[in-house]
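Participant: Curious how this folds, go ahead:
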Amino acid sequence: MLTLQSWLSFYEKNYEFIGRVTGRFYGEDGLPTPELTQAEAMITKGVEANKQELKEKQKFPPCNAEWSSTRGSRFWCSQRSGGVSRDWIGVPRKLFKPGAKEPHCVCVRTTGPPSDQTPDDPTHRNRGDLDYPNLEEYTGCPPLAITCCVPL
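Facilitator: Residues are numbered from 1 along each chain as shown. So this is what the prediction gives:
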């Protein structure tokens, strides 16, 4: 549905409107059909889901990753890993998402208050987001290492 929205935006910006096609989305009277209303609701829901995903990606950017048949997996964090620019590097952690079959590697901020607290909140312990409940360390990796190797 978001792809359809993208095409619609493209045509609205680049072409002159001359009319509507009667059918699934517009009736003979030129008015929207219930199917159009349903499609627009799905697009709105998709746009909101994308916004939430981008917000989460800022908090937990994806790790850089590589795999080798001889060495196994290596995960690491940088100030641009996951395509997210930031002023911190972070450490690799497994992030478990509700409904997902497998965790995925994210970079986690290790200093300051948790992302959901203000910097002046006295209750934080200067551990960034390390205490987020859906995170897990990689077995055998030092807790604050920016690179983690998982052998075969």
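Participant: drop to CA atoms for contacts and neighbour counts, all remaining ones
Facilitator: Will do.
Participant: how does the protein divide into domains?
Facilitator: 1-57, 60-151 (the TED database).
Participant: hey, which of the ones you listed is tucked in deepest?
Facilitator: Among the domains of the chain, domain 60-151 has the highest mean neighbour count (mean count of other Cα atoms under 10 Å), at a mean of 16.
Participant: Who are the contact partners of the spatially closest residue to Gly82 that is not a sequence neighbour?
Facilitator: Excluding its sequence neighbours, the residue lying closest to Gly82 (Cα to Cα, 6 or more residues apart in numbering) is Pro62, at 4.4 Å. By Cα atoms under 8 Å, 6 or more residues apart in numbering, Pro62 lies in contact with Ser81, Gly82, His104, Cys105, Val106, Cys107.
Participant: Just after the lowest-mean-pLDDT helix or strand in the chain, pick out the following helix or strand.
Facilitator: Lowest by mean pLDDT, DSSP states H and E among the helices and strands of the chain is helix 2-14, with a mean of 89. Sequence order places helix 34-59 as the next helix or strand after helix 2-14, per DSSP states H and E.
Participant: Run the angle between that next one and helix 2-14 for me.
Facilitator: Angle of helix 34-59 versus helix 2-14, following axes from the mean of the first three to the mean of the last three Cα atoms, to 10 degrees, is 100 degrees.
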